[in-house]
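1. How does the following fold in three dimensions:
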Amino acid sequence: MNLDRHDGPASFLAAAEPFLLAAEARHGLPLAVARTCLEEPDRYGGRNYFATVRGNGRVLGAALMTPPHQVAVHVPPAAAGLLAEDLAAGGFPVPGAFGPVECVDVFAAAWALPRGLAARRRRDLRAFSLERVIPAPPARGGMRAAVEGDVPTAAEFLAAFHAESRPQAVSEEPEAAARRAVAAGRLFLWQDGARVVAQARVMGFTATGVRVGAVYTPPGDRRRGYATALVGALSARLLAEGRRFCCLFTDLANPVRYAIGIEVVTDPATLAAKPIFKAGVDRLWYTGNPDVKFGQFDPADLSRFLEVAEGYRKEIARRSRVPLHYLTGSDNFPSGEA
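-> Down below sits the predicted model:
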């Protein structure tokens, strides 16, 4: 395998886009970031990194980094060493890495071990791809697009979101990010009465998809379904505007749990999904209780069932004039008289 470093997003996308689009949802983040670099050159100022990995005459992987953000590692594990060497040779600082776990784990070791460092997995995320919206339980209030007057509240929510999600680096101040998102029509709020109680942001577009992120509800307004309703309403709007799917990253350590009838990711290589709950695959279950286990129920009290069964057994014995014990299941066969 060979690694090619590109001088900008245009040549990177020319080489990498067919590979990335083959699994658009899986590679949505590097796709969206590269497109943003191309369309908004000042958005990620400074010296950015773009690379592709080739083998057998075709592109097998891609990587990019917009410092001070982490490097997106979407290369085969066997090419992780090449990527680490090229980043070091180019003098690129690597604050961290993200991407499919089988790629990132190998890259982290390839980068850390030669430098006497220890790699530590900080968060486990899962990408959910949504192609249709099943109405969530209703929440008070409704969604609206943010306007200029919402910038202070939006900035406060963004700052709190970043503080809770513990990013290693934030390249843009919350107020500037809020102002830009409002101006672009990409920030949406859930309002209950006179209060804004949740916020979500349209983060980046791919060829047919869009990523929803920065979903935040202040602590005092949580467990009321506001964020769930907002994400559902915003996703429905984006799908109605022509997007084929919406993508949302969730922290697997988050105690709020969802079960949607299928396992979203089972095989990291193929993203194949397999059914878990055969019945009700078109249902969405939601709970804020971390102790709830979907699909696992407490044992039922069988005493009533056994009482009914015993009544039938006695009635059969009475009508057939067969001794009752002959109708009792056991390992002993009845005598010939039976």
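2. what kind of secondary structure is Arg319 in?
-> helix (DSSP: H, G, I helix; E, B strand; the rest coil).
3. Isn't Leu187 up against Arg179?
-> No - if you go by CB atoms under 8 Å, Leu187 and Arg179 don't touch, sitting 9.5 Å apart. All C-beta atoms are positioned from the backbone trio N, CA, C, and that covers glycine.
4. Contacts only, for Ala118.
-> Ala118 sits next to Ala112 when contact means CB atoms under 8 Å, 6 or more residues apart in numbering.
5. just to revisit the earlier point, Leu187 and Arg179: which is more packed in?
-> Set Leu187 next to Arg179 and count neighbours by other CB atoms under 10 Å: Leu187 wins out with 25 against 16.
6. Who does that one form a beta bridge with?
-> Assessed by DSSP bridges, Leu187 has beta-bridge partners Arg201.
7. Okay, now the unreliable bits of this structure?
-> 166-171, 253-301, 326, 328-338 (pLDDT under 70).
8. what's the closest non-adjacent residue to Ala108?
-> Ala119 (3.7 Å; CB to CB, 6 or more residues apart in numbering).
9. Ignore what I typed, I meant Phe161.
-> Per CB to CB, 6+ apart, closest to Phe161 is Tyr216, 4.1 Å.
10. Would you list the phi and psi of the one you found?
-> For Tyr216, the backbone dihedrals (degrees, to the nearest 10) come out as phi -140, psi 140.
11. how about it, what does it touch?
-> Tyr216 is in contact with Phe157, Leu158, Ala160, Phe161, Glu164, Ala198, Gln199, Ala200, Ala227, counting by CB under 8 Å, 6+ apart.
12. ok, now with 10 Å
-> Contacts for Tyr216 (CB atoms under 10 Å, 6 or more residues apart in numbering) come out as 154, 156-162, 164-165, 198-201, 222, 227, 230.
13. Which of these fall within helices?
-> Ala154, Glu156, Phe157, Leu158, Ala159, Ala160, Phe161, His162, Glu164, Ser165, Ala227, Leu230 (DSSP state H).
14. any chance of those in TSV, with distance to Ala146 and neighbour count too?
-> Shown next, in TSV, are the ones in helices among the contacts of Tyr216 (distance: CB to CB, whole Å; neighbours: other CB atoms under 10 Å):
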residue	distance to Ala146	neighbour count
Ala154	6	27
Glu156	12	17
Phe157	10	26
Leu158	11	24
Ala159	15	17
Ala160	16	16
Phe161	14	18
His162	17	16
Glu164	20	11
Ser165	20	13
Ala227	15	22
Leu230	12	27
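15. and the residues you listed as JSON lines, adding distance to Arg304?
-> JSON lines is the format used below for the ones in helices among the contacts of Tyr216 (distance: CB to CB, whole Å):
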{"residue": "Ala154", "distance to Arg304": "56"}
{"residue": "Glu156", "distance to Arg304": "56"}
{"residue": "Phe157", "distance to Arg304": "52"}
{"residue": "Leu158", "distance to Arg304": "56"}
{"residue": "Ala159", "distance to Arg304": "57"}
{"residue": "Ala160", "distance to Arg304": "52"}
{"residue": "Phe161", "distance to Arg304": "51"}
{"residue": "His162", "distance to Arg304": "55"}
{"residue": "Glu164", "distance to Arg304": "48"}
{"residue": "Ser165", "distance to Arg304": "50"}
{"residue": "Ala227", "distance to Arg304": "42"}
{"residue": "Leu230", "distance to Arg304": "44"}
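16. of those, closest to Ala63?
-> Ranked by distance to Ala63 (CB to CB), those are led by Ser165 at 22.6 Å.
17. Confirm for me that the closest one is in contact with Arg123.
-> Yes - Ser165 is in contact with Arg123 according to CB atoms under 10 Å; the separation is 8.3 Å.
18. got any residues that touch both of Leu187 and Arg179?
-> With contacts defined as CB under 10 Å, 6+ apart, the residues adjacent to both Leu187 and Arg179 are Val151, Ala154.
19. Double-check Arg223 against Thr217; I have them as touching.
-> Yes - with contact defined as CB under 10 Å, Arg223 reaches Thr217; the gap is 9.0 Å.
20. So what sits opposite the most centrally placed residue in the chain in the bridge?
-> By CA atoms, centre = their mean, the chain has its centre lying nearest to Ala127, at 2.6 Å. Note on Ala127: beta-bridge partners by DSSP bridges are Phe249.
21. shouldn't it be in contact with Cys247?
-> Yes - using CB under 10 Å, Ala127 makes contact with Cys247 at a distance of 5.7 Å.
22. For stretch 215-232, C-alpha coordinates in PDB please.
-> The C-alpha trace of stretch 215-232 is given here as PDB (Å, rounded to 0.1, in the frame of the first residue of the first chain):
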ATOM      1  CA  VAL A 215     -27.800  18.500  20.600                       C
ATOM      2  CA  TYR A 216     -28.100  20.100  24.100                       C
ATOM      3  CA  THR A 217     -30.700  20.500  26.800                       C
ATOM      4  CA  PRO A 218     -29.900  22.400  30.100                       C
ATOM      5  CA  PRO A 219     -29.800  20.000  33.100                       C
ATOM      6  CA  GLY A 220     -33.000  21.400  34.600                       C
ATOM      7  CA  ASP A 221     -35.000  20.700  31.500                       C
ATOM      8  CA  ARG A 222     -33.900  17.100  30.900                       C
ATOM      9  CA  ARG A 223     -36.000  14.000  31.000                       C
ATOM     10  CA  ARG A 224     -38.900  15.800  29.400                       C
ATOM     11  CA  GLY A 225     -38.500  14.700  25.800                       C
ATOM     12  CA  TYR A 226     -37.400  18.100  24.500                       C
ATOM     13  CA  ALA A 227     -34.200  16.900  22.700                       C
ATOM     14  CA  THR A 228     -35.900  13.800  21.400                       C
ATOM     15  CA  ALA A 229     -38.700  15.800  19.900                       C
ATOM     16  CA  LEU A 230     -36.300  18.400  18.500                       C
ATOM     17  CA  VAL A 231     -34.100  15.800  16.800                       C
ATOM     18  CA  GLY A 232     -37.100  14.100  15.300                       C
END
